[in-house]
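A.B. asks: Provide a 3D model corresponding to the input given below.
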Amino acid sequence: MKKMVCNLAKTGLALAIYVGSVGIGASAVSAAAAKPAATASSAAVVAYDKLFAAFAKVNSYSYKAKSTMTTAGQKTQMTMESDIIMKPKPAFSMKTSFNDGTQNVTQEIISVGNKMYIKTPDGEWVATPGEASNEDQSAGADNIFNKQFKQVIDKTEVKKVGTDQEITITVNPAKYNKLFLAKGEEGSGDAETKKLQMKITVDTKTSLPKKMYMISEMTVMGQTMKTEMTYTYVSYNKVKEIKVPNVSQ
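C.D. replies: Alright, predicted model coming up:
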């Protein structure tokens, strides 16, 4: 059971990287012109497209996240913090830790250029074999706000919350699984999404996200995993450099 929980937690981490690194790369411009979801209100379309356009101007950002994953009645707590550079050259650093009630697991990852580096339990950095893909280098930064993701949206709503806007996005699980999981985007193996919804709090002055709350339900290796995640976007355009770590020989 302990091994199963660790594997599920890692799947949750992959999903977190995928949907949590909310960014716009070169695809942002074309994304803004894509057709909105059929059930979206005109106000939601305007708010959503403003978010696209604002992110198109972002070069870097930082965020922190917390999540709770539940499977077979067992809860796993996870925290994440990450610095991401999207332009001019993609790079990111990420630190994650999760606890299943019996053990703490911490992982640090850095990706610069076409190489990815992982910090081992003994504190040494090692380069992963081969080259990092574009998805790895941007930590999934192009995966949310683009034409492909718009294809899997069932419903988009917007409402005023104080001085901010809250955009709610409901994903069609069947379309999502076909477009993304079938390609192994999350690296989760035998996984199927049953539910995925995001509520994004947007600063009305900048049209950039301040927070995102996500709920999801997946089946992974025959087990149901329910996840709640909250992301707080700490800053924009403050990350100037992510350095390659000193790698052990």
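A.B. asks: report the strands that pair with the strand or helix carrying residue 69, each with its relative direction.
C.D. replies: According to DSSP states H and E, residue 69 maps onto strand 60-71. Strand pairing for strand 60-71, determined by DSSP bridges: strand 74-85 (antiparallel), strand 223-236 (antiparallel).
A.B. asks: buried residues, the first one. List them.
C.D. replies: The reference is to strand 74-85. 76, 78, 80, 82-85 (16 or more other CB atoms under 10 Å). No exception for glycine: its C-beta is placed from N, CA and C like everyone else's.
A.B. asks: related to what we said a few turns ago, quick check: buried residues in the strand holding residue 69?
C.D. replies: 60-63, 65, 67, 69, 71.
A.B. asks: what does stretch 228-237 give?
C.D. replies: Those would be 229, 231, 233, 236, for stretch 228-237 by 16+ other CB under 10 Å.
A.B. asks: what's next to that stretch, contact-wise?
C.D. replies: 16, 20, 22, 58-68, 206, 208-216 (CB atoms under 8 Å, 6 or more residues apart in numbering).
A.B. asks: check the offset of it from the chain's centre.
C.D. replies: 10 Å (CA atoms, centre = their mean, to the nearest Å).
A.B. asks: what does stretch 110-128 give?
C.D. replies: With CA atoms, centre = their mean, you get 20 Å for stretch 110-128.
A.B. asks: now do the same end-to-end measure for it.
C.D. replies: End-to-end distance of stretch 110-128: 10 Å, with CA to CA, to the nearest Å as the criterion.
A.B. asks: model confidence over that stretch, on average?
C.D. replies: Computed over stretch 110-128, the mean pLDDT rounds to 90.
A.B. asks: buried residues in that stretch?
C.D. replies: Applying 16+ other CB under 10 Å to stretch 110-128 flags 110-112, 115-117, 119, 125 as buried.
A.B. asks: could you report the pLDDT at residue 107?
C.D. replies: On the pLDDT scale, residue 107 gets 90.
A.B. asks: run a quick neighbour tally on it.
C.D. replies: When neighbours are defined as other CB atoms under 10 Å, residue 107 has 16 of them.
A.B. asks: all numbers from here: first residue = 47
C.D. replies: From this message on, residue numbering opens at 47, which makes the last subject residue 153.
A.B. asks: can I assume it is in contact with residue 163?
C.D. replies: No: applying CB atoms under 8 Å as the test, residue 153 and residue 163 come out as separate, 11.5 Å apart.
A.B. asks: so residue 143 makes contact with residue 127?
C.D. replies: No: counting by CB under 8 Å, residue 143 does not reach residue 127; the two are 9.5 Å apart.
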